[in-house]
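Trainee: give me the fold of what follows.
(chains A and B)
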Amino acid sequence: MKKSSLALFFVLTSWAGASADVFDFKDAKGVNNIAFMLDAPLESISGTGNDISGTVNFDPKNPSATTGSISLKTESLMVTNSVMRDHMLGAGWLDAKKHPEITFTAKKVTTTQQEGKAIKATVVGDLTLKGITKEVTAPITFTHIPGKLADRTGGKMKGDLLVIRADFPINRSEFGIKPGENTEKVAETINIRMSLAGACVKE
Amino acid sequence: MPQSQPITSPKSFAKMFYIFASILAFATVVFWGVKGFNTGWTKTQIALIQKDEITEIDFITYQDAFVPGIDFLLGGIASAIATSALTFFVSRKKSYTSSKK
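Mentor: From the prediction side, this is the model:
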């Protein structure tokens, strides 16, 4: 009796743990992107980065339990002017050689509402940029698309997709990016927009 | 009857500089206009927005392209003005040489 209760406990706990799927955000198609926009009085700058990796544990029935981490290779950041890009990645600004990754780690997700397939929530996480980690809070949208991985891979893999969208501002001074300097051309506020699709292979 | 200037004379040089400056200014404005009247900085790549059909994610791909910006326009016009200034310099040098004689 005791043994069977113990076995049942293990079965139940392993089942409960398995209900959150692990979604991999390394995207071979290069669709995943993190966009940034700065609007200073004299100059507007925008660009994207797309060398993204990371995993997110997501359970559509319990989105509040979502955990995970997303990283972006700093070198993958692009703008439309090559000289500006060299300056941006250089030691004076992002120092991409010394700080090769920008990382966001989710600590807490609060579900707010479900709109159709989209689950709108608020995420609290740690953003590490230029070696400095700060807590940020951002509105986030999860869209779980069951069984659509095959359409995206030409039938090679079967599984689910998870689309994550988040928009939030950060202050570059808080991350030690030339605090208070060049504000007429490079805005203090950097608006970040994450558009990511993760895959969970099931067969 | 006006006499034609030898091609190496200061007046001919001045005229050549003036013509070159005019062509440079005109060509700069026309090239800038043809390439889209870009009032931002010169771009060496253009961003193309695409949409992934399944995830509906908008993503950007970059394509090498030269799109002259306001810096190109101002640089071209400034060069034309500098070339025109040389015209006056050459003319004054000629008058100075003539007056010495």
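Trainee: quick one, strands of chain A?
Mentor: Under the criterion DSSP state E, chain A contains strands at A:21-24, A:33-39, A:44-49, A:52-58, A:67-73, A:101-115, A:118-129, A:132-145, A:159-171, A:189-201.
Trainee: pipe the ones you listed into CSV and attach mean pLDDT per row.
Mentor: Converted to CSV, the strands of chain A look like this (pLDDT from 0 to 100):
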stretch, mean pLDDT
strand A:21-24, 96
strand A:33-39, 96
strand A:44-49, 94
strand A:52-58, 97
strand A:67-73, 97
strand A:101-115, 91
strand A:118-129, 96
strand A:132-145, 96
strand A:159-171, 96
strand A:189-201, 96
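Trainee: how close does the residue most central in space within chain B sit to chain A?
Mentor: Geometric centre of chain B, nearest residue: residue B:76, 2.9 Å, by CA atoms, centre = their mean. Distance, residue B:76 to chain A, using CB to the nearest CB, to the nearest Å: 18 Å. C-beta: built from backbone N, CA, C; applies to glycine.
Trainee: returning to that earlier point: adding distance to residue B:67, write the strands of chain A out as TSV.
Mentor: Listed next are the strands of chain A as TSV, based on distance: least, CB to CB, whole Å:
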stretch	distance to residue B:67
strand A:21-24	37
strand A:33-39	19
strand A:44-49	15
strand A:52-58	27
strand A:67-73	26
strand A:101-115	28
strand A:118-129	30
strand A:132-145	33
strand A:159-171	28
strand A:189-201	24
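Trainee: okay if I get the ones you listed as a markdown table plus mean neighbour count and distance to chain B?
Mentor: Output for the strands of chain A, formatted as a markdown table (neighbours: other CB atoms under 10 Å in any protein chain shown; distance: least, CB to the nearest CB, whole Å):
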| stretch | mean neighbour count | distance to chain B |
| --- | --- | --- |
| strand A:21-24 | 19 | 12 |
| strand A:33-39 | 18 | 5 |
| strand A:44-49 | 18 | 5 |
| strand A:52-58 | 20 | 11 |
| strand A:67-73 | 19 | 14 |
| strand A:101-115 | 15 | 14 |
| strand A:118-129 | 18 | 11 |
| strand A:132-145 | 16 | 7 |
| strand A:159-171 | 19 | 5 |
| strand A:189-201 | 20 | 4 |
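Trainee: tell me which of the ones you listed lies nearest to residue B:71.
Mentor: Ranking these by proximity to residue B:71 (CB to CB) places strand A:44-49 first, at 14.8 Å.
Trainee: just give me the residue right at the centre of chain A.
Mentor: Closest-to-mean residue, chain A, CA atoms, centre = their mean: residue A:70 / 4.5 Å.
Trainee: beta partners of that one?
Mentor: Residue A:70 has the following beta-bridge partners by DSSP bridges: residue A:54, residue A:104.
Trainee: wait, what's in contact with it?
Mentor: Contact partners of residue A:70, counting by CB atoms under 8 Å, 6 or more residues apart in numbering or on different chains, are A:25, A:52, A:53, A:54, A:56, A:103, A:104, A:194, A:196.
Trainee: look up the closest residue to the fifth one, ignoring the ones flanking it.
Mentor: Pointing back at residue A:56 there. Distance criterion CB to CB, 6 or more residues apart in numbering or on different chains; nearest residue to residue A:56, sequence neighbours excluded, is residue A:68 at 3.2 Å.
Trainee: so that neighbour touches residue A:55, yeah?
Mentor: Yes - counting by CB atoms under 8 Å, residue A:68 touches residue A:55, with 5.6 Å between them.
Trainee: for the nearest residue to residue A:119 once chain neighbours are set aside, what are its contacts?
Mentor: In space, and not counting its chain neighbours, residue A:119 is closest to residue A:142: 4.5 Å by CB to CB, 6+ apart. Shown in contact with residue A:142 (CB under 8 Å, 6+ apart): A:58, A:63, A:66, A:118, A:119, A:121, A:162, A:163, A:164.
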